[in-house]
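Participant: Here is my input, please return the structure:
(3 chains)
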Amino acid sequence: MGATEPLLRVEGLSKAYPGVLANDAVNLAIAPGQVHALLGENGAGKSTLVKMIYGLVRPDAGSMVLRGAPYAPPDPHAARAAGVAMVFQHFSLFEALNVAENVALGMENPPPLRQLAARIRAVSDAYGLPLDPGRIVGDLSAGERQRVEIIRCLLQEPKLLIMDEPTSVLTPQEVEILFATLRLLAAEGTAILYISHKLEEIRSLCDRATILRGGRVVAACNPRERTAHELAELMVGAELKLTDRAGRKPGEVLLEVVGLHMPPASAFGPSLKSVSFELRRGEVLGIGGVAGNGQEDLLATLSGERPSSAGTVVLKGEDVSTLGPNPRRARGLLAAPEERLGHAAAPDMSLTENAVLTGTMRRPLTRHGFIDRRAARAFAAEIIAAFDVRTPGPQVAARALSGGNLQKFVIGREVLQAPEVLVVNQPTWGVDAAAAAAIRQALLDLAAAGAGVIVISQDLDELLEISDRFAALNEGRLSPPQATAKLTLREIGLSLGGAHGMKPLEVLA
Amino acid sequence: MTLGGIDLVALMAMLMVASTPILLAATGELIAEKAGVLNLGVEGMMIMGAIGGFAGAVMTGSPALGFLAGAGAGAAMALVFGFLTQVLLSNQVATGLALTLFGMGLSALIGKGFEGVRPPATGKLDLGGLADLPVLGPVLFRHDWVVYLSLALIVAVWLFLHLSRAGLILRAVGENHDAAHALGYRVVMVRLAALAFGGALAGLGGAYLSLVRVPQWTEGMTAGAGWIALAIVVFASWRIERVLLGAYLFGGVTVLQLRLQAAGYAIPVQLLSMAPYVITILVLVIISARHRRGAQAAPAALGRIFHASR
Amino acid sequence: MITLVARPAPSRFWSWATPVLAVLATMLAGGGLFALLGSDPFEAIRVIFWDPLFGANAGYFRGQLFIKAGPLILIAAGLAVGFRAGIWNIGAEGQYIIGALCGAAVALAAFPAESALIFPAMVLAGAFGGWVWGMIPALLKNRFGASEILVSLMLVYVAQNLLAWAAFGPLKNPAGFGFPGSRNLQQYPSAHNAELIAGSGVHWGVVAGIAALIGTYVLMNRHIAGFRIQVAGDAPKAARFAGVAPARLVGFCLGLSGALAGLAGMFEVAGPSGQVTDSFNAGYGFTAIIVAFLGRLNPVGILLAGLLMALTYIGGDMAQLTLRLPAAAIQVFQGLLLFFLLGMDLLTNYTVQWGKARA
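Facilitator: Residues are numbered from 1 along each chain as shown, chains lettered A, B, ... in the order given. As a prediction, the model looks like this:
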């Protein structure tokens, strides 16, 4: 690694939670100015490791050395004082407060708000991340929110910047700008610990990679010397299968959405503006977009949770716009929302009960309104078996399942009801690679069997992999769907809103 | 100046005194709710403040010590609530109800020996010439120190919330406790402090009822004042300056119906006594409808349980 | 250091063990309280919890047990359904009063006619009155988003004033020598809610309470509607996804609990109480909240909790007579019970670990 003394050295760090060894004797060294990738699947222990470095979690064993001195932050204040800053994956922002207040909350000794506002303007311009300190954070786009987090870190002139999955909410153009900023920071000597599972990004940005699996370091390498496929197999620890796209041919129109308008569901939410598209039998329609551009509202409108005005949603020639979720299920329109725990499934209820949640319209789970427990249990068991859900049995509460297993259960519950149209939002978000592949294959098989499938996702690679046509949702507007085969990543990025008003840092990059 | 047999100056003069208990309690609850805790036990804290303050004043002979005791009793109750909801993670709605039921019982128990006793009088603050002003004098400047303290607290709370770093942290905790925790703030401690402050003010409000407003101890004497304070926080859209407006509006209605009773109108007393509650419902409805249409006013984490996992 | 670790699923054992533990802890704390008040704690506990069931005059008190438990169970059965859905009707006391007023008004209007139809009409009127009083917060919540907690509670004070007005005004006994209060319905055979078996304390209200428990049990544990109510309380978004219309749920829960509370009030005023007076309501509407929680919002639990609460009322009265314990001591005792229960609930959803967590 050269002659430079590492900025941070992590030695034998371990952390156990009941039933899980989240980190098992992890070693890691980061040099000043290095962009260091931390790679791993969900549950591999990446979050636990960075939380220990940031002082949010205390290790059970092991030690850290920062700039030659022992480092054991009891809380994030101490970590920040020592020059460690962190940008969270689920932003640590306060929607009702303005940008300057949000920044002040993440600093140890913030100047008075007026001076702080001036510094925010100065720093954000210097790094090509324009930001108005007086705006309320709730009104900002996901990309702008991330800028708030980054500026908050930069104002403290950190020696080590930790970034947890920073690009999952950005368009490809925004990613380029972020990378330019990070390269600039690295050139100035700041070390960056970069968590991601997007392998191509890591290959273009990072000098060094540490790969975690099951809480242990399984490899450390220079990511530029490996292929993305090699890195993926190191992460997963097994060979990856490619999805099978064969056997689909578009048939007649199943679902038509015409001029759909919806007001925002919450104070800071987006609205849907004249959304129109059609979905054919045997087709997978991919709808891409950055978080918070109306995806949830679109799903709620299609599932029936938020009925729309008459004539806007037409299923097989019948206007279903004003019907609730259950009548739509009876007619074959099914959905699986993004939020697994609390929306697609009730956390404290058993898998059997969660099977009843949406299954009563198309499966004989009730008699005269009374629940047939035996039938419900059998349906849950069927889902568990067909979708390889790893769980002791259908009596287990939904919240006891891992993200990937619960997602398989949720998708399985809808797929096994033989929908005519299935709408899913973020079907593989936070799911391990094997489960994600299984879910994608199930969606493709469903389309091959003659159903229409709409996949709403922020993962463009996923959409390019499985969808026949692609449309972008940006600020509540849907672009006209186009055949996926002809699209480039750059075109898709532009249809997602491009760089949202940011200027690339040509001078600095 | 009279209107329909009612002396308007006397009415206005009574207004400030009548509003003070609810103003104090609502100010305290506002701070607790800004920190993200919904304490429905205001009624219980107030009644404990009423008996605590009364007992303290009677036993020491000093109204000031009485008020201190009332505030202490309210804060102690709030900390019981805080322990249950913040440490033992109990449901805030149910625990608030329990606090009220418990406070009602305990105050009645303690109050047995204090029925029919007269408390030491709380003196009026001498404001010199101001008190002699026509109309303004009796309306604004002939009250006791607690009235002016309650107004000063409004200013102090405004400054605290909008200009101090501690106030910013308090609001942050109430908006998103997970983010506040991730940034290293001690959510539970902030909330316990906010609760204790809220409880102390509710207790102070209760003590004002038993020591000045009535002044004597009777069982259940708060008669829903704590619940009305909760409604006023909603009415105020969680903004302190509007709490003042809400409390004085409510105080006005109360005083007016009392005066109407005294003026001997042919309206049954019981129907007049309903007025404050009916008006509270009406105001709540109007404001809730506005909240539903407009921007969200409540702190985003209000009433949610915080448990720092992993 | 203590750490709390969320259980993968709520513990069945602890969900039944915590109420029992809470009762024991309350007895300990209550004993301390009684000692502070100058009574022998052991004797006080015996007088309150043992004597009414097995003491010298137990025969009489066992009847009283059902008289007190009946309305508590009837009200709590309805409240529990709403609490499960996260709809907080805390104004049952008001619905109870209005139900009683409506039931009594029907009887007093019919007086002195005798007919087998009068009592059923009173039952309907009582349920209707409570239903209306419960639907006010429901409508205001659905239409304007007003908090049902605050509105239902404010309506208790409104109802109390209406009751006072009625007792001094329109419902006053014309043959009552100017005293406030209505005619005594116990002396009006067609309207009297008499004991079904003499001395047992079981009147129609107790029967209705048991029926309500059975009905809500079937609804909540067997029927898809009850399942959806439960989902609404556990995960509101999931409930909406499952097709629950929130407005209808609010109307159903507040309407049901209001109607049941109204029934309880009507049975009380036509039976054990007999008369509309400005203070005939004994706070059952509030105590029923404790009963619902202590019974874990579960019908069997509510039955037991209702009987236990009734016992504390009777025992409290006895302790007042024999030990000169103030009546309020029992209120404190009930409040403590709820505290302990809510605090210990932690054990149902979390495991407590001492020291550092280890795998």
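
Participant: wouldn't C:Ser200 be in contact with C:Phe66 here?
Facilitator: Yes: shown here, C:Ser200 and C:Phe66 form a contact pair, counting by Cβ atoms under 8 Å, at 6.7 Å. The C-beta positions use only the backbone N, C-alpha and C, and glycine is treated the same way.

Participant: domains of chain A?
Facilitator: A:8-236, A:253-495 (automatic domain parsing).

Participant: can I get those domains in TSV with mean pLDDT, mean neighbour count and distance to C:Ile48?
Facilitator: TSV is the format used below for the domains of chain A (pLDDT from 0 to 100; neighbours: other Cβ atoms under 10 Å in any protein chain shown; distance: least, Cβ to Cβ, whole Å):
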stretch	mean pLDDT	mean neighbour count	distance to C:Ile48
domain A:8-236	89	19	42
domain A:253-495	91	20	36
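
Participant: Out of those, which gets nearest to B:Met48?
Facilitator: Nearest of the domains of chain A to B:Met48, taken as Cβ to Cβ: domain A:8-236 at 32.8 Å.

Participant: What is the end-to-end distance of that closest one?
Facilitator: End-to-end distance of domain A:8-236 (Cα to Cα, to the nearest Å): 27 Å.

Participant: just to confirm, which helix or strand has the residue nearest to B:Ala71 when sequence neighbours are not counted in it?
Facilitator: Distance criterion Cβ to Cβ, 6 or more residues apart in numbering or on different chains; nearest residue to B:Ala71, sequence neighbours excluded, is B:Ala200 at 4.1 Å. Element membership for B:Ala200 (DSSP states H and E) is helix B:187-208.

Participant: following that helix, which helix or strand shows up next?
Facilitator: Per DSSP H and E, helix B:187-208 leads on to helix B:225-235 as the next helix or strand towards the C-terminus.

Participant: any idea of the angle that next one forms with helix B:187-208?
Facilitator: Note on geometry: by axes from the mean of the first three to the mean of the last three Cα atoms, to 10 degrees, helix B:225-235 and helix B:187-208 are set 120 degrees apart in direction.

Participant: Buried residues, helix B:225-235. List them.
Facilitator: Buried positions in helix B:225-235, judged by neighbour count with 16 or more other Cβ atoms under 10 Å in any protein chain shown: B:Ala225, B:Gly226, B:Trp227, B:Ile228, B:Ala229, B:Leu230, B:Ala231, B:Ile232, B:Val233, B:Val234, B:Phe235.

Participant: With stretch C:301-321 instead?
Facilitator: C:301-320.

Participant: re the thing from before, distance to chain B added to the domains of chain A, as JSON lines?
Facilitator: Below are those laid out as JSON lines (distance: least, Cβ to the nearest Cβ, whole Å):
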{"stretch": "domain A:8-236", "distance to chain B": "3"}
{"stretch": "domain A:253-495", "distance to chain B": "4"}
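
Participant: Using JSON lines, please lay out these together with distance to C:Pro120.
Facilitator: JSON lines is the format used below for the domains of chain A (distance: least, Cβ to Cβ, whole Å):
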{"stretch": "domain A:8-236", "distance to C:Pro120": "55"}
{"stretch": "domain A:253-495", "distance to C:Pro120": "28"}
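
Participant: mean confidence score for stretch B:259-276?
Facilitator: Average pLDDT, stretch B:259-276: 82.

Participant: Please identify the buried residues of that stretch?
Facilitator: Buried residues in stretch B:259-276 (16+ other Cβ under 10 Å): B:Arg259, B:Leu260, B:Pro268, B:Gln270, B:Leu271, B:Leu272, B:Ser273, B:Met274, B:Ala275, B:Pro276.

Participant: does chain C sit close to that stretch?
Facilitator: Yes: shown here: stretch B:259-276 in contact with chain C (Cβ under 8 Å from any Cβ of the partner chain) through B:Pro268, B:Gln270, B:Leu271, B:Ser273, B:Met274.

Participant: Surely the fourth one is in contact with B:Gln257?
Facilitator: Yes: when contacts are counted by Cβ under 8 Å, B:Ser273 is listed as touching B:Gln257 (6.9 Å).

Participant: Output stretch C:123-142 as PDB, restricted to C-alpha atoms.
Facilitator: Written as PDB, here are the backbone C-alpha positions of stretch C:123-142 (Å, rounded to 0.1, in the frame of the first residue of the first chain):
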ATOM      1  CA  VAL C 123     -82.700  -1.000  25.500                       C
ATOM      2  CA  LEU C 124     -82.900   0.300  21.900                       C
ATOM      3  CA  ALA C 125     -83.000   3.900  23.100                       C
ATOM      4  CA  GLY C 126     -80.000   3.400  25.400                       C
ATOM      5  CA  ALA C 127     -77.900   1.800  22.700                       C
ATOM      6  CA  PHE C 128     -78.900   4.500  20.300                       C
ATOM      7  CA  GLY C 129     -78.100   7.300  22.600                       C
ATOM      8  CA  GLY C 130     -74.600   5.900  23.300                       C
ATOM      9  CA  TRP C 131     -74.100   5.200  19.600                       C
ATOM     10  CA  VAL C 132     -74.900   8.900  18.700                       C
ATOM     11  CA  TRP C 133     -72.600  10.100  21.400                       C
ATOM     12  CA  GLY C 134     -69.900   7.900  20.100                       C
ATOM     13  CA  MET C 135     -70.500   8.800  16.500                       C
ATOM     14  CA  ILE C 136     -69.900  12.500  17.200                       C
ATOM     15  CA  PRO C 137     -66.200  12.100  17.600                       C
ATOM     16  CA  ALA C 138     -66.200   9.600  14.700                       C
ATOM     17  CA  LEU C 139     -67.800  12.000  12.300                       C
ATOM     18  CA  LEU C 140     -65.600  14.900  13.500                       C
ATOM     19  CA  LYS C 141     -62.500  12.700  13.000                       C
ATOM     20  CA  ASN C 142     -63.500  11.500   9.600                       C
END
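
Participant: What mean pLDDT does that stretch get?
Facilitator: Across stretch C:123-142, pLDDT averages out at 96.

Participant: From the chain's centroid, how far away is that stretch?
Facilitator: Mean-position distance between stretch C:123-142 and its chain equals 17 Å (Cα atoms, centre = their mean, to the nearest Å).

Participant: What residues of the strand or helix carrying B:Leu258 count as buried?
Facilitator: Assigning secondary structure by DSSP H and E places B:Leu258 in helix B:240-262. In terms of neighbour count (16+ other Cβ under 10 Å), helix B:240-262 has its buried residues at B:240, B:242-244, B:246-260.

Participant: Need the per-residue pLDDT for the residue of the stretch 1-150 of chain B found nearest chain A.
Facilitator: As assessed by Cβ to the nearest Cβ, chain A sits closest to B:Lys34 within the stretch 1-150 of chain B, at 10.7 Å. In this model, B:Lys34 is scored at 96, pLDDT.

Participant: With adjacent residues omitted, what lies nearest to it?
Facilitator: Using Cβ to Cβ, 6+ apart, the closest residue to B:Lys34 is B:Gly174 (4.9 Å).

Participant: The one you found: neighbour count?
Facilitator: Burial of B:Gly174 is recorded as 29 neighbouring residues (other Cβ atoms under 10 Å in any protein chain shown).

Participant: you'd agree it is up against B:Gly36?
Facilitator: Yes: taking Cβ under 8 Å as the contact criterion, B:Gly174 and B:Gly36 are neighbours in contact, 3.7 Å apart.

Participant: got any residues that touch both of those two?
Facilitator: Taking Cβ atoms under 8 Å, 6 or more residues apart in numbering or on different chains as the contact rule, B:Gly174 and B:Gly36 both touch B:Pro299, B:Ala301, B:Leu302.

Participant: No more questions from me, cheers.
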